[in-house]
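Trainee: the sequence and its predicted three-dimensional model are supplied below.
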Amino acid sequence: MGRLIKWLFYLLVLGGIALTAYAYLGPLFGADFSPPKQEIRMPVELNES
């Protein structure tokens, strides 16, 4: 049981390192993390009493 937990811990650490590396190196390989830019206009109706 201890070996299983140890391997799961190693897998979790390795996954965290891989995710961090992808976040930093992704734009160098063509991954675009920026949100789509689009202007949105909505009329707002204020009800004054």
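Mentor: It's in. The structure displayed is predicted, hence computed values, not measured ones. Numbering: from 1, shown residues only.

Trainee: next one: Arg3 from Leu11, what distance?
Mentor: 12 Å (CB to CB, to the nearest Å). In this view, the C-beta of every residue, glycine as well, is placed from N, C-alpha and C.

Trainee: neighbour count winner among those two?
Mentor: Leu11 (10 against 7; other CB atoms under 10 Å).

Trainee: can you tell me how far that one is from Gly2?
Mentor: Distance from Leu11 to Gly2, by CB to CB: 15 Å.

Trainee: next, name the residue at the spatial heart of the chain.
Mentor: Ala23 (7.9 Å; CA atoms, centre = their mean).

Trainee: tell me the confidence at that residue?
Mentor: With respect to pLDDT, Ala23 scores 92.

Trainee: contact partners for it?
Mentor: Phe33 (CB atoms under 8 Å, 6 or more residues apart in numbering).

Trainee: which element is it on?
Mentor: Ala23 is located in helix 2-25, with elements delineated by DSSP states H and E.

Trainee: now that helix, how far from the centre of its chain.
Mentor: 16 Å (CA atoms, centre = their mean, to the nearest Å).

Trainee: how about stretch 36-48?
Mentor: Averaging C-alpha positions (CA atoms, centre = their mean) puts stretch 36-48 27 Å from its chain's average.
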